[in-house]
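Asks: coords please:
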Amino acid sequence: MCRQSATVCLVKSPVLAGRSGLSLAERLVRLPDPRHRRGVRHPFVAVLLIAASAVVAGARSYAAIGQWARSAPQQALARCGARLVTSLNVRIAPSAATIRRIIAGACPGGLADLVGEDPGQAESVAADGKSARGSRHGGIPAAHLLAAMTSDGRTLTQLRVPDKTNEITCFAALLAPFDLTGTVVTADALHTQRDHATFLVEAKKAHYAFTVKRNRPTLHERLRTLPWEQAAAKFYDRSEGHGRKETRVIQVLTVEDLDFPHAAQVAKITRHRTSLKTGKRTRETVYAITDLTSRQASPERIARLVRSQWVIENRLHFVRDVTFDEDRSQVRTGHGPENMATLRNLAINKLREHGHTSIAAGLREMSYQPFTRPLDLLGVTP
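Replies: Predicted structure coming up:
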């Protein structure tokens, strides 16, 4: 099955079945080639491996990937499985145009599933969306991508949100292929939906921890007026960073009659922030709701889960914007925006897997030997 969009039926995608332990090339073989058989000259998987290697070496565009391919020595092209002219015993690199056509045509959901990670033993999985601003063209809106990431910084997959709709319609399709039994799924206030809670608890045997804001006015008012002065379960947390000091006070109440599926606890989180530069103080109060019982989640754990939602913003979206300059990318046609984002996700995953805490520093290290180190990192064997 090729997961083209969020409208795919909510069943486990066959591309995920048995992928554990497979090399990147062995995974990509499962992805359907979008080209017609007649006239095909360059192997599909080879082009994708070349593109992935170039992105790990720092390439940000089709032109840059094409330049990497043109400059690649025979040994690197052979490792990727590039086209072989038998009579001359020479490997031929695909052109930038060929690379563009294949990346723009490849099934985006299938590619994201195949090169992504498995949840494993992660405590939580965060779902959040981001728009690739540079992909906006004329009357065509920017590609909006909904991704899922574990609390330890591994991207699972992503889907492009269809135009004229929003992330809500894609939530279940994004997470459907994965075994989330016992995992806590976090999401921002947009996804605090009854259907989402029911899907996670009943269909996926998972848990949820959702933020509640004024986009759900009735629920927000119900939480605001709870007897918080009676909350005996509290947790205090302090941190300093991003030019400010922050103190968080978390109060937790057990609920039984809240009109929200499987709700067991609610939390009131009051954030006191002080700017280190100006000394200005601000206070913000947000609420959270979860199906985790008091035995399953203490106030400290709830605070950690709520904060873990920021991992996807800080460790994925921010990195793609700053390190890969994604918002200024001019990739716009076909499935190009989402597939290029998936290749960046792959690069980030692999760099972190090999101990690179700074993605920018990791990319620089790859660029010093651009035709060997990226291939080694991706596990592309000779």
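
Asks: What helix or strand is Ala173 located in?
Replies: According to DSSP states H and E, Ala173 maps onto helix 171-175.

Asks: chain center to that helix: distance?
Replies: Mean C-alpha position of helix 171-175 versus that of the full chain (Cα atoms, centre = their mean, to the nearest Å) differs by 12 Å.

Asks: the domain parsing of the chain - what is it?
Replies: The chain breaks down by automatic domain parsing into domains covering 14-114+333-378, 208-308.

Asks: among those, which is the most enclosed?
Replies: Most buried of those by mean neighbour count (mean count of other Cβ atoms under 10 Å) is domain 14-114+333-378; its value is a mean of 19. For the C-beta atoms, the positions are set from N, CA and C on the backbone; glycine is no exception.

Asks: all strands in the stretch 51-200 of the chain, in order from the N-terminus.
Replies: For the stretch 51-200 of the chain, the strands defined by DSSP state E, counting those that start in this stretch cover 83-85, 90-92, 124-132, 143-150, 155-161, 184-187.

Asks: circling back to that earlier point, could you check the helix holding Ala173 and say which residues are buried?
Replies: Buried residues in helix 171-175, defined by neighbour count with 16 or more other Cβ atoms under 10 Å: 171-175.

Asks: quick revisit: I'd like the domains of the chain laid out as TSV, including mean pLDDT and distance to Val125.
Replies: Formatted as TSV, those follow (pLDDT from 0 to 100; distance: least, Cβ to Cβ, whole Å):
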stretch	mean pLDDT	distance to Val125
domain 14-114+333-378	94	14
domain 208-308	92	9
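
Asks: possible to save these as CSV with distance to His137?
Replies: Shown next, in CSV, are the domains of the chain (distance: least, Cβ to Cβ, whole Å):
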stretch, distance to His137
domain 14-114+333-378, 8
domain 208-308, 30
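
Asks: I figured Thr150 hits Asp118, correct?
Replies: No - under the criterion of Cβ atoms under 8 Å, Thr150 makes no contact with Asp118, lying 9.0 Å away.

Asks: Overlap in contacts, those two.
Replies: Counting by Cβ atoms under 8 Å, 6 or more residues apart in numbering, the residues touching both Thr150 and Asp118 are Leu156.

Asks: Between those two, which is the more surrounded one?
Replies: Thr150 (23 against 14; other Cβ atoms under 10 Å).

Asks: And the residue lying closest to that one once chain neighbours are set aside, how close does it get to Thr342?
Replies: Counting by Cβ to Cβ, 6 or more residues apart in numbering, the nearest residue to Thr150 once its immediate chain neighbours are dropped is Ala122, at 3.7 Å. Per Cβ to Cβ, to the nearest Å, Ala122 is found 20 Å from Thr342.

Asks: can you check Arg194 too?
Replies: 31 Å.

Asks: coming back round to it: just the closest of the buried residues of helix 171-175 to Leu378, please.
Replies: Checking the buried residues of helix 171-175 against Leu378 by Cβ to Cβ gives Leu174 as the nearest, at 24.3 Å.

Asks: thought that closest one was touching Ala127?
Replies: Yes - using Cβ under 8 Å, Leu174 is in contact with Ala127, at 6.3 Å.

Asks: Secondary structure element holding Ile250?
Replies: strand 244-254.

Asks: Can you name the next helix or strand after that strand?
Replies: Using DSSP H and E, the next helix or strand after strand 244-254 towards the C-terminus is strand 265-275.

Asks: Quick one: the strands of the stretch 51-200 of the chain as TSV, columns for distance to Gln67 too.
Replies: Formatted as TSV, these follow (distance: least, Cβ to Cβ, whole Å):
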stretch	distance to Gln67
strand 83-85	18
strand 90-92	16
strand 124-132	22
strand 143-150	24
strand 155-161	26
strand 184-187	39
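
Asks: which stretch among the ones you listed comes nearest Ile302?
Replies: Ile302 lies closest, by Cβ to Cβ, to one member of the strands of the stretch 51-200 of the chain: strand 184-187, at 9.8 Å.

Asks: What helices and strands are in contact with the helix holding Ala173?
Replies: Counting contacts by 3 or more Cβ pairs under 8 Å, 6 or more residues apart in numbering; DSSP states H and E, helix 171-175 packs against strand 124-132, strand 143-150, strand 155-161, helix 194-198.
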